[in-house]
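A.B. asks: sequence first, then the predicted structure, then my questions.
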Amino acid sequence: MSLVTTRSPSFLERFQICKTVYNYYSNFAIISEYSHEIDSANLSHALRNVILANPVLGYNFFRVEDGDQVHDGKNFRLSPLNEVLFSDVVSEEKFEVDSEFLEYVNTIHFELDTQKPLFKCIVNGKYIALVFNHAYVDGNSGTSFHKDLLHELNKLDEKETLDVLVTKSELNGIPKSVDELTTLFHPPLLYTLGALLKRFLVPTWLTNLWYKLSYPNLSKYPLFRHKTIQPNTAVKYRIINIPTSECKSIISYARQNETTFTPYFTGLAFVSFQNKIAPFLSDKPKSMDATIVIDGRRYYPELSNELKYQGCVTASDIIVEPVTNLGETVRYITQSLSKDIKSRERFHYVGLLKYLNIFELYTSKIGTFGRPVFEVSNLGRVNEQGEKLDIDQLWFTQDNGFSSMITFSVISTAKKGMNIVIGSSEELEDIRNPETNEKLMDEFTTDLKSSLTNYTKTPL
């Protein structure tokens, strides 16, 4: 593996630097329930070993000159910290994994350009909430961290807690960025030319005609939007747990219908939204949209170690008309997602953004109706067991930022099934059904869970 001591941020990292500097996005977290309590001595040595094996965890982005927006974030460098203290990354707090705790986690903000790591662990007995700044990692990195931590904990039997986990001299370098290691975000010339032609040469009348003749018909069914994007929007959380036995049955049912869980779940979510929320906020049926996160590591298995602790994702943009046939909608979502995975076009599209000023782009979103209805991020199933310690249960949670009105963060384990964390922005949270006086988000969540657990009653 080719390593560097310090490097410039990738353009994807500059997106996250912008979000951090302006506080447009706080963090994401992977919370783990281990099979028994973890003492501070073993935890400190395990963290040391994980950081030594993945030195980027002991890094931060430092400014080399002022003017973040003028320099478009290129004025930062990813460089090692002088040291990482146990107290920098671990705090012991009493908590239960519930909505209130997830709201608390979402208030944690990491600072760039400071001698502090960009992650922390909140520990309560056998629970560890691993909270990450998004600047140099993504959700899959968070699951990798728990796997790496479990591997180390199963080897240890330490008696003394380390105060200093690592020092700068022990950090032996980091991999090159995803931009340098892969071509994911390097759009081919023909794709770039096509995008430019579509953007600047296709007349408005032809675009409007396309909207009328194609699916979805956005002329007949405009996109659902509620309020404009505003920074620092609070998020409320709800948790749906699907036990392992039911989870297996739902996934089997999806496969029998030639799809997978994520498209099926997204289709059900659209139906619940149009039945339980949209009628109270729109006077006519509207199209709905979702972004489904795609992990780019799938294309580079030989770079698994180099890409483990980097941001390496994009999203498939899905737009559907009001759902009249669940099976047809799910098949459309499945086909669209499969096409985007096979073609890598969504990575190419994101790669075009490197030609823009990212800081200006994000700032320009404020006050627009650019926030999709849903984001769906499914980290899959984690099956980790050891001789002394297992991972029994996981939760994945994140800030909504500018990404969506409602965010679904999904993860599962073999022992305790699937947890779906639903994050709703405050623009939806306080709206009630005038007939029942119940919050729309509560009725939406109940309906969605019912659709999932009564899957045979919602045939495709």
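C.D. replies: Everything's here; your move.
A.B. asks: beyond the worst-scoring helix or strand of the chain on mean pLDDT, next helix or strand please.
C.D. replies: Least confident helix or strand, the chain: helix 204-213 with a mean of 59, by mean pLDDT, DSSP states H and E. Once helix 204-213 ends, the next helix or strand along the chain (criterion: DSSP states H and E) is strand 235-242.
A.B. asks: kindly state the domain boundaries assigned to this protein.
C.D. replies: Per automatic domain parsing, the structural domains of the chain span 3-181, 189-356+364-378+398-457.
A.B. asks: just those: most buried one?
C.D. replies: domain 3-181 (a mean of 19; mean count of other C-beta atoms under 10 Å). C-beta: built from backbone N, CA, C; applies to glycine.
A.B. asks: tell me the pLDDT of the nearest residue to Asn54 once chain neighbours are set aside.
C.D. replies: Spatially, and ignoring its direct neighbours in sequence, Asn54 is nearest to Tyr309 (5.2 Å; C-beta to C-beta, 6 or more residues apart in numbering). Looking at Tyr309, its pLDDT is 97.
A.B. asks: low-confidence ranges in this structure?
C.D. replies: Under the criterion pLDDT under 70, the flagged ranges of the chain are 196-213, 456-459.
A.B. asks: any residues touching the longest helix seen in it, and which ones?
C.D. replies: Of all the segments of type helix in the chain, defined by DSSP state H, the longest one is helix 326-343. With contacts defined as C-beta atoms under 8 Å, 6 or more residues apart in numbering, helix 326-343 is touched by 215, 257-260, 262-264, 266-268, 270-271, 292, 294, 298, 316, 318, 320, 323, 345-346, 458-460.
A.B. asks: next one: that helix to chain centre, how far?
C.D. replies: Mean-position distance between helix 326-343 and its chain equals 20 Å (C-alpha atoms, centre = their mean, to the nearest Å).
A.B. asks: same check, this time on stretch 77-88
C.D. replies: Chain-centre distance of stretch 77-88: 24 Å, with C-alpha atoms, centre = their mean.
A.B. asks: please save the CA atoms from it in PDB.
C.D. replies: Below are the C-alpha coordinates for stretch 77-88, written out as PDB (Å, rounded to 0.1, in the frame of the first residue of the first chain):
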ATOM      1  CA  ARG A  77      -4.600  19.500   4.400                       C
ATOM      2  CA  LEU A  78      -5.300  16.200   6.100                       C
ATOM      3  CA  SER A  79      -2.500  16.000   8.600                       C
ATOM      4  CA  PRO A  80      -1.600  14.000  11.700                       C
ATOM      5  CA  LEU A  81      -2.400  15.200  15.200                       C
ATOM      6  CA  ASN A  82       0.400  15.700  17.800                       C
ATOM      7  CA  GLU A  83      -1.300  13.000  19.900                       C
ATOM      8  CA  VAL A  84      -4.600  11.300  20.500                       C
ATOM      9  CA  LEU A  85      -5.700  11.200  24.200                       C
ATOM     10  CA  PHE A  86      -8.100   8.600  25.600                       C
ATOM     11  CA  SER A  87     -10.100  11.600  27.000                       C
ATOM     12  CA  ASP A  88     -10.300  13.100  23.500                       C
END
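A.B. asks: contacts for that stretch, please.
C.D. replies: Outside stretch 77-88, the residues that reach it (C-beta under 8 Å, 6+ apart) are 5-9, 13, 40, 44, 47, 51, 55-62, 64, 115-117, 120, 136, 161-168, 171, 174.
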